Each structure stands twice: as C-alpha cells, then as structure tokens.
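Visitor: Okay, sequence plus prediction incoming.
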Amino acid sequence: MKSVTLNLRISQKLRDRLIDDSHEKGITLSDNSREILTAYCKAKNSDEIDNQTLYDIRFYNSSEFIYLIFWMFEKIRSPKHFGPKTELEDLKKIVLQVVTNKFFPPDLKQEFEKVLIDIQRVTNEFDSENNQFKFSQLCTEEVFDYSILTDFIRNKAFENRIYL
C-alpha cells in the first residue's frame, strides 16, 4: 500500500506527550502516531462497537439521565408526586435503561432498582392520597444510597480527562 504524508497542527504539550510516549515504547514519533491512529480507526470500525453500545457507554451524559438525577434529588426535598402519570412512565423507561445498561456498576444498578420499584408502586397507587416516594426518605428500608450515585458521577466526570 502506498503511503501518504499527513500534516497537522497540534499543541506543543500534545507533541511533547506523544514524544514521551514514543520514547517509552522505543519507537519513532511517526510510528507511534500511526499506531494510535490505526488503533482508533479499528475501534471505530469494529463490529463490537455498534450504535447501541456507543449510546450505552455515553448514557450517563444524556439529557434523560441528567433529568432523572435532577428529579431524584428533587424528591429528597419534596417526595410527593404532583405531575401526570405519563411523567412516571417516562421516568420508569429511563430507570430501566440504567438498570439494563452494562456500563453502570452493579451497586448503582441495585440502587436504581429501588427507584424503579418505587415508581411502579406510585404509578399503581396513582389516584390514592399516598403517592409519596419512599426511595428518597431517609427512614425507610427502600432509601436510595445517593453516595453511590455521587461517587459514580464524580468518577465519570474525571474519567476521560487527559492531563498534559
């Protein structure tokens, strides 16, 4: 295969980082750059990474997940449901995505199962006077462990950062 030259501009810090990485690997900067680009293209074109997998990986950054988290924290302050039943159905779908997503840790998925059960309970008792969520009330067995969620968010926020 004929090779071609690729010229591109990068920051000095990135260049220094690539040079250091090349020295650690014992290869030239050009060879290292080719390896990195080849690995990226293979991963991008791999059959293992389909659109659903990419969506699952990035789900924690989705507007649906952020809305769910906001709603859950809001339930600490106000555990009663005042919205329509359709809102509960929408929230249930989002929670199901979390519970079935293989990229969420098992302990967090277990906590979201509590939310799922509670949403289902409130949906079933929708017309009754007692439509308060128990997952957000500290004195119940069904209480959601918010510390697991905040640790997950904190770790994900810094997971993909590259320090130069």
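Guide: Everything's here; your move.

Visitor: Tell me the first helix or strand C-terminal of whatever helix or strand residue 93 lives in.
Guide: Using DSSP states H and E, residue 93 maps to helix 85-100. Remark: after helix 85-100, the chain's next helix or strand is helix 106-124, criterion DSSP H and E.

Visitor: which residue packs closest to the residue nearest the centre of the chain, ignoring adjacent ones?
Guide: Geometric centre of the chain, nearest residue: residue 60, 2.2 Å, by Cα atoms, centre = their mean. Leaving out its chain neighbours, the residue that sits closest to residue 60 by Cβ to Cβ, 6 or more residues apart in numbering is residue 156, at 5.5 Å. All C-beta spots, glycine's among them, are computed from the backbone N, C-alpha and C.

Visitor: Number of residues surrounding that neighbour?
Guide: Here the number of neighbours of residue 156 (other Cβ atoms under 10 Å) works out to 12.

Visitor: surely it meets residue 58?
Guide: No: taking contacts as Cβ atoms under 8 Å, residue 156 lies outside contact range of residue 58: 10.2 Å.
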